[in-house]
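K.L.:
one predicted model, sequence on top.
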Amino acid sequence: MDAKGTPSLNPLRAGQQAPIPQPKPEYEDVMLFQHRDWDDRPDADVDFNLNGARADNWKLWTVKLDFVQQGDMRTGTAFYINLDQKKGRILLTAGHNLISESGEMTQHMRISTTGEVITTSQMFVSDGYKNNPGKDRSSDYGMILLPGAPEGGYGFSLKLAEAADLKLPGVNVIGFHPHIDEPELNAGKVTKTMQKCIKYKVNCVAGNSGGPVWVGCGGKETVIGIHTHGGDPKKGGAGAQGTRIHLGVLQDICRWTAGANVAHIGANVGYLSRRLAVYSLKPPHHDYTDPEVNFYMRFTKGVPTAKVRLGAEDLETTFDVLPGLTSSWSKGGKAPLPARYVFLFNEPANWQENSESENSDAEGIADPPKAVQKQLFLRWRTDPDINRVELSEKLRDDSLVVLEKKLKGFEIRLDKKKLRMVVDEIDVMPPEGPEGLPELYESEQVGFIPDQYKHIDYLYCLFKFA
């Protein structure tokens with residue numbers, strides 16, 4: 001690599017050592033002279049449109065639910081979502097369709113149009129709503145997991161889901177009337193967006209609960225929420241509300257699909273609390289007897305740029321790897337675009353700052369401060385002048401990467417570049433281990449090379465989750 005971290009064009013041949021990139025300045029050194037955002041690229045504007053989408057796709061992805069709750073027959077709505085699962089069909093719906101206000105799970109549920117039976121073992125409700133049914137509106141969401149191959153669904157964007165200043169031209173809400181088996185589409189303007197909820201002026205009726213709240217984005221039907229409560233019909237539906245499909249909802253879906261009781265369906269979404277490791281070791285780092293000895297991505301407290309570490313001792317670096325951008329698609333239509341994933345860093349407890357407590361007991365003694373975990377995403381900075389992986393409190397365009405599967409492992413790709421963790425300057429670890437100094441076996445050589453470069457010439461471009 002040259003001084004700017006640009007990959008060398010000369011491939012690594014047998015018997016040759018890989019070129020060692022020039023060390024980049026530490027983040028703290030750079031901060032003495034400039035702000036880290038001065039060389040930043042702005043994110044692209046959100047393209048709210050449905051150009052090229054097939055009319056009435058939403059009818060294929062929205063279903064009517066018939067069920068019994070507290071002895072009464074009821075109806076609701078649910079919808080399919082594409083979360084890049086290879087197996088299983090994922091339906092999202094309102095939590096109150098799955099559990100009654102008294103805390104009893106819904107019985108005798110089926111999909112009205114197909115008659116497919118849904119058992120309680122296939123239903124999942126958020127902990128917040130399960131613990132406070134009928135009252136916690138912000139947690140009014142759940143999932144139904146069905147077996148079989150995916151047949152399409154709405155797309156999803158975590159950037160829209162997490163946007164604090166979400167400015168929408170309007171939203172579409174779809175739902176079923178209790179006595180009509182054809183879904184109805186109603187549209188209206190957004191009146192308020194909150195972290196976990198969205199309010200809109202849309203006429204809705206009983207039975208619409210659980211339906212998708214969606215927009216056109218980049219020519220695709222993209223869901224942003226789950227309709228949960230109707231508004232005032234005398235005021236054109238003002239006050240209608242839905243739960244945003246925010247990061248917490250996505251993490252719940254990942255946990256639910258990974259549950260032992262639905263393992264036979266195989267609908268795993270994302271990866272929780274995983275380490276990022278190279279797929280396999282090469283000489284001279286290939287004869288370790290301990291399977292934990294591998295090359296891992298690592299972050300250290302106070303330094304937002306990634307390093308590569310030999311060995312897992314005191315690593316303290318795991319990620320929730322979640323589908324951050326998926327496209328809508330239909331069975332028999334065009335294949336969906338490759339999903340893009342986000343890496344959410346699981347901040348270690350000893351990194352977390354304490355919040356100031358506002359509570360006190362009867363004697364006026366304040367409660368001890370509680371640790372606050374920051375929400376930190378990875379940014380894959382592929383620009384030649386930057387060429388690094390770093391932590392960010394904001395979800396940015398360059399936080400979204402493709403995990404391209406290969407015969408062995410996967411590549412991490414963005415902007416026609418792929419990640420490489422070079423390890424040439426890391427010594428071979430002795431049989432007795434790092435001897436309490438694991439920092440001696442790490443390097444800052446984490447960057448990107450053109451995606452057409454072959455792994456056989458440029459080693460350590462294939463990865464796995466450990």
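P.N.:
Thanks, I have the structure now. Numbering: from 1, shown residues only.
K.L.:
just the element for residue 252, please.
P.N.:
helix 247-257 (DSSP states H and E).
K.L.:
name every strand pairing with the next helix or strand after that helix and say which way it goes.
P.N.:
Downstream of helix 247-257, the first helix or strand assigned by DSSP H and E is strand 271-274. Applying DSSP bridges, strand 271-274 is found paired with strand 319-326 (antiparallel).
K.L.:
mean confidence for the strand it pairs with?
P.N.:
Per-residue pLDDT over strand 319-326 has a mean of 98.
K.L.:
now the element after it, going C-ward?
P.N.:
strand 329-330.
K.L.:
just to revisit the earlier point, so what does the helix holding residue 252 touch, helix or strand wise?
P.N.:
In terms of contacts (3 or more Cβ pairs under 8 Å, 6 or more residues apart in numbering; DSSP states H and E), helix 247-257 is packed against strand 142-146, helix 158-162, strand 271-274, strand 319-326. Yep, even glycine has a C-beta here, placed from its N, CA and C like the rest.
K.L.:
what comes up buried for it?
P.N.:
Across helix 247-257, burial judged by 16 or more other Cβ atoms under 10 Å covers 247-254, 256-257.
K.L.:
where does the protein dip in pLDDT?
P.N.:
Within the chain, the stretches with pLDDT under 70 are 1-39, 52, 354-372.
K.L.:
at 80 what do you get?
P.N.:
Filtered on pLDDT under 80, the chain yields the residue ranges 1-41, 51-55, 233-237, 352-373, 424-425, 435-436, 455-458.
K.L.:
how about the most centrally placed residue in it, what does it touch?
P.N.:
Central residue check for the chain by Cα atoms, centre = their mean: the C-alpha nearest the mean position is that of residue 322, 2.8 Å away. Residues near residue 322 by Cβ atoms under 8 Å, 6 or more residues apart in numbering: 158, 247, 250-251, 254, 269-270, 341-342, 344.
K.L.:
closest to residue 455 among the residues you listed?
P.N.:
Using Cβ to Cβ, residue 341 comes nearest to residue 455 of the contacts of residue 322, at 20.0 Å.
K.L.:
please report how far residue 464 lies from residue 380.
P.N.:
For residue 464, the distance to residue 380 (Cβ to Cβ, to the nearest Å) stands at 18 Å.
K.L.:
please apply the same query to residue 274.
P.N.:
On the measure of Cβ to Cβ, residue 274 and residue 380 end up 17 Å apart.
K.L.:
how about residue 224, phi and psi?
P.N.:
Residue 224 adopts backbone torsions of phi -120, psi -10, taken as degrees, to the nearest 10.
K.L.:
surely it touches residue 216?
P.N.:
No - shown here, residue 224 and residue 216 do not form a contact pair, counting by Cβ atoms under 8 Å, at 11.2 Å.
K.L.:
of the two, who's got more company?
P.N.:
Using other Cβ atoms under 10 Å, the more surrounded residue of residue 224 and residue 216 is residue 224, with 25 against 19.
K.L.:
residue contacts, the closest residue to the more buried one other than its chain neighbours?
P.N.:
Spatial nearest neighbour of residue 224, chain neighbours left out: residue 160 (5.4 Å); criterion: Cβ to Cβ, 6 or more residues apart in numbering. Shown in contact with residue 160 (Cβ under 8 Å, 6+ apart): 46, 166, 215, 217, 222, 224.
K.L.:
what's the answer for residue 464, then?
P.N.:
277-279, 409-410.
K.L.:
ok, now residue 119?
P.N.:
residue 109.
K.L.:
can you tell me how far it sits from residue 173?
P.N.:
Using Cβ to Cβ, residue 119 is found at 28 Å from residue 173.
K.L.:
cool, and residue 210?
P.N.:
Relative to residue 173, and taking Cβ to Cβ, residue 210 is found at 11 Å.
K.L.:
now swap in residue 49 and tell me
P.N.:
Distance of residue 49 to residue 173, given as Cβ to Cβ: 19 Å.
K.L.:
show me which of the contacts of residue 464 is closest to residue 459.
P.N.:
Closest to residue 459, out of all of the contacts of residue 464 and judged by Cβ to Cβ, is residue 278, at 8.5 Å.
K.L.:
I figured the closest one hits residue 460, correct?
P.N.:
Yes - the pair residue 278 and residue 460 passes the contact test of Cβ under 8 Å, sitting 4.9 Å apart.
K.L.:
between the two, what contacts are shared?
P.N.:
295, 421, 423.
K.L.:
among these, which lie within strands?
P.N.:
Counting by DSSP state E, these place 295, 421 in strands.
K.L.:
okay if I get the shared contacts of residue 278 and residue 460 as CSV plus distance to residue 142?
P.N.:
Below are the shared contacts of residue 278 and residue 460 laid out as CSV (distance: Cβ to Cβ, whole Å):
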residue, distance to residue 142
295, 40
421, 39
423, 45
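K.L.:
next, format the shared contacts of residue 278 and residue 460 as a markdown table and append neighbour count and distance to residue 237.
P.N.:
Compiled in a markdown table, these are given as follows (neighbours: other Cβ atoms under 10 Å; distance: Cβ to Cβ, whole Å):
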| residue | neighbour count | distance to residue 237 |
| --- | --- | --- |
| 295 | 26 | 56 |
| 421 | 25 | 53 |
| 423 | 21 | 59 |
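K.L.:
looking at the shared contacts of residue 278 and residue 460, spot the one nearest residue 201.
P.N.:
residue 421 (50.5 Å).
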